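>>> Need a 3D model of the sequence below.
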Amino acid sequence: MDTVLSDPAAVRLLSTIYRVRPGTVAELRELQALPHEQLPELLTRLDAAGLITLDGERIEALSPDHAMAATTERIVTSELNQLHALALSAATLSALTRDWEVGGSPDDTAPWAEFVHGHEAQWKAWPRYAVTHPPRDPVNLYPNLSIIRSIMVPTMTEEEKRMIAHSAIRGVFPRSLLAVEDDREFLDELRRLGMRIRIADHLPSWVYADSGVLCALPLSWAEHPPSSIAIVTHPSITEIVSLYVESVWDRAIDYPLSDDGWEPVLTLLARGLSDAAIAQSLDISPRTVHRRISEAMEQLGARSRFELGVAWARNGNG
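Now for the predicted structure:
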C-alpha cells in the first residue's frame with residue numbers, strides 16, 4: 001500500500017473515488033481533471049492494495065479504516081521492517097479521511113492522528129493526551145537514553161512524575177546499556193520514578209503503544225530521537241502496534257537482574273555480554289561470574305561454554 005500511496009496520481013484518483021463514489025469505471029471516466037491515460041493501471045494498483053474493489057467495470061470504494069485494517073494485518077507478520085510502511089500509510093490515509101467523510105456523511109469527526117515536530121513539542125504533547133486519553137498500561141521502546149536523559153527527565157514536573165508513577169509506564173531498553181555504569185544508574189533513577197523496566201537484545205526504533213488508548217510512531221523509522229512523530233488514536237492502528245510492542249515486552253527480561261545463582265549470568269552470557277560486563281550488570285565480581293558459569297557447566301553437564309549455551313537453549317532459555 002505504501003508504494004501506491006506515494007504516487008500523487010494514485011492518491012488524487014483515490015481522493016476523487018472517495019468523494020464522488022462512482023459505481024463504474026465509465027462514471028469515473030466522465031469526470032474531468034483525472035489522469036485518464038493512467039486510469040486502468042492506477043485502478044489495478046488501488047485494487048491490489050485493498051483500497052478499492054474492482055470487478056470488471058464495477059468499482060466499490062473501501063473505507064480508509066478497512067484498508068488500514070487489511071494493511072496492518074499483513075504488516076504484523078513481518079513486525080519491525082514493515083512498521084515503517086504502517087507509519088507512511090497512516091500519514092497518507094489520515095489526509096484522505098476527510099475526503100471519505102465528505103462522500104459519506106456531513107458530520108465532523110475528530111482527527112485520529114496528529115503529527116508533532118521537534119523533541120520539546122513531542123514531550124509537551126503527552127500531558128495534553130493524558131487529559132483526553134488517560135494512559136492505562138503503556139509500553140515505550142527506547143533504542144538509547146538520549147532523549148529521555150536530555151529532555152524528558154530534566155524538564156519533568158512533579159505532576160508529570162506522579163503521572164508516570166500512577167500510570168506504571170513500562171520501558172524496554174537495549175542490553176548494551178548494562179555494560180555502562182552511568183547508563184545503569186540512570187535506569188535505576190527511572191525505576192525510582194516508577195517506571196517498570198525490561199531489557200531486550202536490540203531495539204531498532206522508538207515506538208510507544210498503549211492498547212486501546214493511543215500509539216506513537218516516528219515518521220522516519222529508526223531515527224532516534226525522532227525529529228517528528230505521529231500520535232495515533234485510531235483503534236485499528238493502536239491495536240496492531242500494541243500487539244507488536246507487547247511482544248517485545250514479553251520477550252525482554254526484567255531489570256534489575258537478580259544476582260542470585262547462575263541463571264542470570266547465563267541469561268546475559270547468551271545475550272553476548274562479556275564476563276566483565278556481566279559482573280558490572282549484576283554488581284558482582286568477575287571471579288563470581290566465572291564460578292557461577294562453572295557451576296552451570298557442572299549442573300548441565302557441559303564441558304565447554306559452547307556446550308553450555310546449547311544445553312541452556314535446550315532447556316528453553318536460549
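>>> what's the burial count for the closest residue to residue 54 other than its chain neighbours?
Distances taken as Cβ to Cβ, 6 or more residues apart in numbering put residue 47 closest to residue 54, at 3.9 Å, once the chain neighbours are dropped. In short, each C-beta sits where N, CA and C put it, glycine included. Using other Cβ atoms under 10 Å, the number of residues around residue 47 comes to 17.
>>> Give me the phi and psi angles of residue 47.
phi -70, psi -40 (degrees, to the nearest 10).
>>> where do the strands sit along the stretch 51-200 of the chain?
Here the stretch 51-200 of the chain has its strands, by DSSP state E, counting those that start in this stretch, at 52-55, 58-61, 113-117, 139-141, 170-174, 196-200.
>>> Reformat the ones you listed as CSV; add mean pLDDT and distance to residue 125.
Below are the strands of the stretch 51-200 of the chain laid out as CSV (pLDDT from 0 to 100; distance: least, Cβ to Cβ, whole Å):
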stretch, mean pLDDT, distance to residue 125
strand 52-55, 88, 34
strand 58-61, 90, 33
strand 113-117, 89, 5
strand 139-141, 94, 14
strand 170-174, 93, 18
strand 196-200, 89, 23
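>>> I'd assumed residue 268 was in a helix, is it?
Yes: under DSSP: H, G, I helix; E, B strand; the rest coil, residue 268 falls within a helix.
>>> contacting residues around the nearest residue to it once chain neighbours are set aside?
Leaving aside its chain neighbours, residue 268 sits nearest to residue 278 (4.6 Å; criterion: Cβ to Cβ, 6+ apart). Taking Cβ atoms under 8 Å, 6 or more residues apart in numbering, we find residue 278 in contact with 265, 268, 269, 289.
>>> continuing past the helix or strand hosting residue 278, what's the next helix or strand?
Using DSSP states H and E, residue 278 falls within helix 275-282. Downstream of helix 275-282, the first helix or strand assigned by DSSP H and E is helix 286-300.
>>> Residues contacting that following helix, please?
261-262, 265-266, 269, 275-276, 278-279, 282, 302-305, 307-308, 311-312, 315.
>>> Repeat the analysis, applying 10 Å as the threshold.
Helix 286-300 is contacted from outside by 259-266, 268-269, 273-282, 284-285, 302-305, 307-312, 314-315, using Cβ atoms under 10 Å, 6 or more residues apart in numbering.
>>> filter those to the buried ones?
262, 264-266, 268-269, 273, 277-282, 284, 302, 308-309, 311-312 (16 or more other Cβ atoms under 10 Å).
>>> Can you list the low-confidence ranges for the stretch 101-250 of the chain?
Applying pLDDT under 70 to the stretch 101-250 of the chain picks out residues 101-110, 151-167.
>>> can you pull out the helices in it?
Using DSSP state H, counting those that start in this stretch, the helices of the stretch 101-250 of the chain run over residues 119-132, 146-147, 158-167, 181-193, 235-251.
>>> what about stretch 44-57, how long is it end to end?
From its first residue to its last, stretch 44-57 covers 12 Å (Cα to Cα, to the nearest Å).
>>> Could you give me the buried positions within that stretch?
Within stretch 44-57, the residues scored as buried using 16+ other Cβ under 10 Å are 45, 46, 47, 49, 50, 51, 52.
>>> and what of stretch 176-188?
For stretch 176-188, using 16+ other Cβ under 10 Å, the buried residues are 176, 177, 178, 179, 183, 184, 186, 187.
>>> Closest to residue 141 out of those residues?
residue 177 (13.1 Å; Cβ to Cβ).
>>> Hmm, that closest one is touching residue 188, no?
No: Residue 177 lies out of contact with residue 188 (Cβ atoms under 10 Å); the separation is 11.3 Å.
>>> Give me the domain ranges for this structure.
For the chain, the structural domains run 2-67+74-104, 113-255, 263-317, going by automatic domain parsing.
>>> what's the first-to-last distance across the second one?
End-to-end distance for domain 113-255: 33 Å, by Cα to Cα.
>>> Roughly how far does the residue nearest to residue 142 when sequence neighbours are not counted sit from residue 313?
With Cβ to Cβ, 6+ apart as the criterion, residue 142 has its nearest non-adjacent residue at 5.3 Å, and that residue is residue 173. Noted for residue 173: a distance of 24 Å to residue 313, by Cβ to Cβ, to the nearest Å.
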